[in-house]
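Enquirer: Got a predicted structure here, sequence first:
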Amino acid sequence: AQSVSQHNHHVILSEAASLELGCNYSYGGTVNLFWYVQYPGQHLQLLLKYFSGDPLVKGIKGFEAEFIKSKFSFNLRKPSVQWSDTAEYFCAVTRSSGGSYIPTFGRGTSLIVHP
Amino acid sequence: GAGVSQSPSNKVTEKGKDVELRCDPISGHTALYWYRQSLGQGLEFLIYFQGNSAPDKSGLPSDRFSAERTGGSVSTLTIQRTQQEDSAVYLCASRGLEQFFGPGTRLTVL
């Protein structure tokens, strides 16, 4: 079974700082990768996803993530964070083929951005 | 409505009681998931319904947990003889092209 590791559990930044949240998965086959965000008091929502093609994926609100197959990684980045980016961020993976479409989620990273 | 809805939003119950949590998925979505989110933990998969196929129950933590999906739409997650460790936020999601999450039900077992 696949697993997902998010090594940064808590990140605190000042506005305008750059952000990189780590995500590593453990599955040797072809995968689909996701980042979800949960703003305080709101639903989980999809930030961006990778299925195939260009490994650098652009998402909403200026976020991007890069799939590096050799490192089994899908790190989330943003060049300049804002106070409104304060939220919980979850990385998830599914297998591209075979088996049922059940995402495996990481434990999440809590991001706090100070104004 | 346009999104996934869940009820109740909050549920406080006494240890040993049964609870039912409801999920209304987005109309037309054939896939429905239940997850559990505990403080400081990720999303723990519980059960997955896909169309008329037999549900994938591999994530249910014990036989006190069960779920059904009637008519391919509304789903109910039932927890029997609740324990304090069942306290968590229970999330439902439905999927068309992508997965959409509901607001969750916060369950507190006293």
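Expert: That came through fine.
Enquirer: Please make it C-alpha for all contacts and neighbour counts, starting now.
Expert: Noted.
Enquirer: three-state assignment of B:Glu85?
Expert: Applying DSSP: H, G, I helix; E, B strand; the rest coil to B:Glu85 yields a three-state assignment of helix.
Enquirer: ok, now how distant is the closest residue in space to it that isn't next to it in sequence from chain A?
Expert: In space, and not counting its chain neighbours, B:Glu85 is closest to B:Val109: 7.8 Å by C-alpha to C-alpha, 6 or more residues apart in numbering or on different chains. Using C-alpha to the nearest C-alpha, to the nearest Å, B:Val109 is found at 21 Å from chain A.
Enquirer: B:Val109 pairs with what?
Expert: B:Thr13 (DSSP bridges).
Enquirer: who's in contact with it?
Expert: B:12-15, B:82-87 (C-alpha atoms under 8 Å, 6 or more residues apart in numbering or on different chains).
Enquirer: ok, the residue nearest to A:Leu48 when sequence neighbours are not counted - contacts?
Expert: For A:Leu48, ignoring the flanking residues on the chain, the nearest one in space by C-alpha to C-alpha, 6+ apart is A:Gly59 at 4.6 Å. Counting by C-alpha under 8 Å, 6+ apart, A:Gly59 touches A:47-49, A:65.
Enquirer: Quick one, which of the residues you listed are buried?
Expert: A:47-49, A:65 (16 or more other C-alpha atoms under 10 Å in any protein chain shown).
Enquirer: For the residue in chain A positioned nearest to chain B, which residues are in contact?
Expert: Here the residue of chain A nearest chain B is A:Arg107; by C-alpha to the nearest C-alpha that distance is 3.5 Å. Listed by C-alpha under 8 Å, 6+ apart, the contact partners of A:Arg107 are A:5-6, A:9, A:90, B:40-43.
Enquirer: any chance of those in JSON lines, plus pLDDT, secondary structure and distance to B:Gly71?
Expert: Below are the contacts of A:Arg107 laid out as JSON lines (pLDDT from 0 to 100; DSSP: H, G, I helix; E, B strand; the rest coil; distance: C-alpha to C-alpha, whole Å):
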{"residue": "A:Ser5", "pLDDT": "94", "secondary structure": "strand", "distance to B:Gly71": "37"}
{"residue": "A:Gln6", "pLDDT": "95", "secondary structure": "coil", "distance to B:Gly71": "38"}
{"residue": "A:His9", "pLDDT": "90", "secondary structure": "coil", "distance to B:Gly71": "40"}
{"residue": "A:Phe90", "pLDDT": "96", "secondary structure": "strand", "distance to B:Gly71": "31"}
{"residue": "B:Gly40", "pLDDT": "71", "secondary structure": "coil", "distance to B:Gly71": "35"}
{"residue": "B:Gln41", "pLDDT": "76", "secondary structure": "coil", "distance to B:Gly71": "32"}
{"residue": "B:Gly42", "pLDDT": "81", "secondary structure": "coil", "distance to B:Gly71": "30"}
{"residue": "B:Leu43", "pLDDT": "90", "secondary structure": "strand", "distance to B:Gly71": "26"}
